[in-house]
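Engineer: Can you look at this prediction? I've put the sequence above it.
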Amino acid sequence: EDKVVQSPLSLVVHEGDTVTLNCSYEVTNFRSLLWYKQEKKAPTFLFMLTSSGIEKKSGRLSSILDKKELFSILNITATQTGDSAIYLCAASGGSNYKLTFGKGTLLTVNP
Amino acid sequence: GAVVSQHPSWVICKSGTSVKIECRSLDFQATTMFWYRQFPKQSLMLMATSNEGSKATYEQGVEKDKFLINHASLTLSTLTVTSAHPEDSSFYICSVIGSSYEQYFGPGTRLTVT
């Protein structure tokens, strides 16, 4: 059975801190690893990673994939209160690219 | 990325009635759409894969006769929750696959069954 595990499940930091969110996966016919941010509604797309060792970056967020060790990390530097959200990791696999989601990391950034 | 809409954004219905939720891909022709369900404080669970012009593929444990999926065009998939019960109350979200096989989600539909 496909499985995605995220850690920590929740995290509380102060504005300006740097955080690292972890995601490990076991997925049959793995294709890609995706990160999403979920606030009050549906998840919004952050990154899709398909190749090992190549960092993807968007502003203060960055992510990297290790296909040998089957994990990915999402870094957020200089956190702001607007970064408070649930961060979901999902692995895509199989012939129809379906996603298996982890339980998410609830990040709270306090002023 | 793809722009996805859902309608309605929230709905309240009585137990035993049926509810239809629409998912539209506004700027992208989607041969495949996915339907997810999310209970409070839980992650997204895939319910079914909706394929344009053919039958949907349901995940294990999801009743196909209760959750009817129709994907009649490249821009529209519908999910009908038949004979709804309070335990069907949830957040239903659809997604489409983008050009690089990433998934983009609709804004979700919050269903409350009383």
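Structural biologist: Ah, there it is. Since this is a predicted model, take the numbers as computed values, not measurements.
Engineer: Residues contacting the strand or helix carrying residue A:6, please?
Structural biologist: Using DSSP states H and E, residue A:6 sits within strand A:3-7. The contact list for strand A:3-7, computed with C-beta atoms under 8 Å, 6 or more residues apart in numbering or on different chains, reads A:21-27, A:87-91, A:100-105. Using the backbone N, CA and C atoms, a C-beta is placed for each residue, glycine as well.
Engineer: Give me the spatial nearest neighbour of the residue of chain B positioned farthest from its centre, chain neighbours excluded.
Structural biologist: The C-alpha centroid of chain B is most remote from residue B:100, which lies 21.5 Å away (C-alpha atoms, centre = their mean). Nearest residue to residue B:100, sequence neighbours excluded (C-beta to C-beta, 6 or more residues apart in numbering or on different chains): residue A:48, at 6.7 Å.
Engineer: what residues are up against the one you found?
Structural biologist: For residue A:48, the contacting residues are A:32-34, A:56, B:100-102, by C-beta under 8 Å, 6+ apart.
Engineer: Can you tell me which of those lies closest to residue B:44?
Structural biologist: Comparing the contacts of residue A:48 against residue B:44 with C-beta to C-beta places residue A:34 closest, at 11.6 Å.
Engineer: Return the residues in contact with the most centrally placed residue in chain B.
Structural biologist: With distances taken as C-alpha atoms, centre = their mean, residue B:35 lies nearest the centre of chain B, 3.7 Å away. Counting by C-beta under 8 Å, 6+ apart, residue B:35 touches B:23, B:46-48, B:50, B:67, B:69, B:77, B:79, B:92-94.
Engineer: That one - nearest residue in space that isn't next to it in sequence?
Structural biologist: residue B:47 (4.6 Å).
Engineer: pretty sure the one you found contacts residue B:58?
Structural biologist: Yes. A contact is recorded between residue B:47 and residue B:58 when judged using C-beta atoms under 8 Å, the distance being 7.0 Å.
Engineer: More neighbours: those two, which one.
Structural biologist: The neighbour count for residue B:47 versus residue B:58, taken as other C-beta atoms under 10 Å in any protein chain shown, is higher for residue B:47 (24 against 18).
Engineer: neighbouring strands for the helix or strand of chain A with the lowest mean pLDDT, and are they parallel or not?
Structural biologist: Here the helix or strand of chain A ranked lowest by mean pLDDT, DSSP states H and E is strand A:98-101, holding a mean of 89. Note on strand A:98-101: by DSSP bridges, its sheet partners are strand A:85-93 (antiparallel).
Engineer: Please flag which of the contacts of residue B:35 sit within strands.
Structural biologist: Cross-referencing the contacts of residue B:35 against strands under DSSP state E gives B:23, B:46-48, B:50, B:67, B:69, B:77, B:79, B:92-94.
Engineer: possible to save those residues as CSV with distance to residue B:110 and pLDDT?
Structural biologist: Below are these laid out as CSV (distance: C-beta to C-beta, whole Å; pLDDT from 0 to 100):
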residue, distance to residue B:110, pLDDT
B:23, 14, 95
B:46, 18, 92
B:47, 16, 95
B:48, 19, 94
B:50, 20, 89
B:67, 16, 96
B:69, 19, 94
B:77, 18, 93
B:79, 14, 96
B:92, 8, 97
B:93, 10, 96
B:94, 13, 95
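Engineer: residues in contact with residue A:31?
Structural biologist: A:50, A:92-94, A:97, B:101.
Engineer: Pull the most distant pair out of those.
Structural biologist: A:50 and A:94 (14.9 Å).
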